[in-house]
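Q: next comes the sequence, and after it the predicted model I'd like to discuss.
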Amino acid sequence: MKSTVADEMCTEDLGNVLPSVYKSVRLSVASPPLLHVNASLLLLTDEALSEVFGAVVEDSEEYQTLKVLRKGGITSILFSRPHHANVLDMKMVEELTTALHSARLDPTTRLTVTAATGRVYCGGHKPGLDAASGLQLRDGLHSLVKCVLEFPKPLAALVMGPCVGVLAGLLPLYDVVLAAKGACFQTTVVESGETPCGCCTYTYPRLMGHARAAHMLLLGHELECGEAQRSGLVTEVLPTTAFHHTALSTLHPLTATPPPALSHTKQLMRQPLLNPLTSVHGSAIMTNTTQVISMARYFAAGVKRNSDNAP
């Protein structure tokens, strides 16, 4: 079978594009099911996306890191940086927040889905290289988390492959999380100098208990999909073959439910948690502000030491 550019993207060494603090993620967990699948399963072309989601990719200059499709009451937002393991950078954070706001305001959208092209759902986020870019990213992530926290419509994640960092931390704020067999989950590694965000310091202990949450949040433990389902992080684990087709079929009943019933039910479920979640998120932002400045000073001092010691 002739190799295509898309197939080559499937098999590249993702260890070279993940941020160094996340390279402990066992990417091989995504294989054998994902290493040798064809490009259409990994949604690397617009044709594959249209076939799976039954809609045409929106031709919008607004999105360079995402693919957005709308049909039948479902807005699908796909992370589209497969050659960078879908690592969040500032642009992708901004575009994802914009796409979620658009889905929130769209009267035809009853369900919003996030998924990904390639064999990694998300490989973490790209840290700022100095205080200014670090603070900009912090503000962007703050807006993204707030958007997810206050999202009034059903929100579902279709996770294939590793899900690392901020987006793993956000999953408890979703209403449905469907994972392909072989998916794995890891939050921000604290040894990187950052406090996990996405309210996961509150939601993870509530879901899985303090000991298991501490194993993830403090020690960087990687949760495989079966363990994630038993912990309450994942709703259901589905076969890798035809994963997106099966997931969308599973979610389809939500599009036939009266929207007011969905939004009111979600509001009643979320309301008792809104104040503590908002408080935890605010505290994380304040903590990360201090950490961003401290890390920038640390790296700047390291650069100066290196230049002083240069021959």
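A: Nice, thanks for sending it over.
Q: secondary structure element holding the most centrally placed residue in the chain?
A: Nearest to the mean C-alpha position of the chain, counting by CA atoms, centre = their mean, stands residue 167 at 3.1 Å. Assigned by DSSP states H and E, residue 167 belongs to helix 166-170.
Q: what's that helix packed up against?
A: The contact analysis (3 or more CB pairs under 8 Å, 6 or more residues apart in numbering; DSSP states H and E) places helix 166-170 against strand 122-123, helix 131-149, helix 200-208. The C-beta positions use only the backbone N, C-alpha and C, and glycine is treated the same way.
Q: I'd like the next helix or strand past the helix or strand of the chain with the lowest mean pLDDT.
A: Lowest by mean pLDDT, DSSP states H and E among the helices and strands of the chain is helix 5-10, with a mean of 38. Following helix 5-10 in sequence order, the next helix or strand is helix 46-53 (DSSP H and E).
Q: now do the helix or strand following that following helix: distance to the chain's middle.
A: Using DSSP H and E, the next helix or strand after helix 46-53 towards the C-terminus is strand 66-71. With CA atoms, centre = their mean, to the nearest Å as the basis, strand 66-71 stands 16 Å off its chain's centre.
Q: quick one: residues in contact with strand 66-71.
A: 46, 49-50, 53-58, 60, 75-80, 92, 95-96, 99, 102, 106, 108-109, 117 (CB atoms under 8 Å, 6 or more residues apart in numbering).
Q: name whatever forms a beta bridge with residue 111.
A: For residue 111, the beta-bridge partners under DSSP bridges are residue 74.
Q: and it, what pLDDT?
A: On the pLDDT scale, residue 111 is placed at 96.
Q: same question for the one 10 residues further on.
A: In this prediction, residue 121 carries a pLDDT score of 96.
Q: next, give phi and psi for it.
A: phi -60, psi -50 (degrees, to the nearest 10).
Q: so residue 217 sits right up against residue 198, yeah?
A: No. Judged on CB atoms under 8 Å, residue 217 makes no contact with residue 198 at a distance of 11.0 Å.
Q: between these two, which has more neighbouring residues?
A: Neighbour count, other CB atoms under 10 Å: between residue 217 and residue 198, residue 198 has more, with 27 against 21.
Q: now the more buried one. Nearest residue, chain neighbours left out?
A: residue 169 (3.0 Å; CB to CB, 6 or more residues apart in numbering).
Q: these two touch, right, that neighbour and residue 202?
A: No. Contact criterion CB under 8 Å: residue 169 and residue 202 do not qualify, at 10.3 Å.
Q: low-confidence regions, the stretch 201-311 of the chain specifically.
A: The model of the stretch 201-311 of the chain has pLDDT under 70 over residues 286, 288-311.
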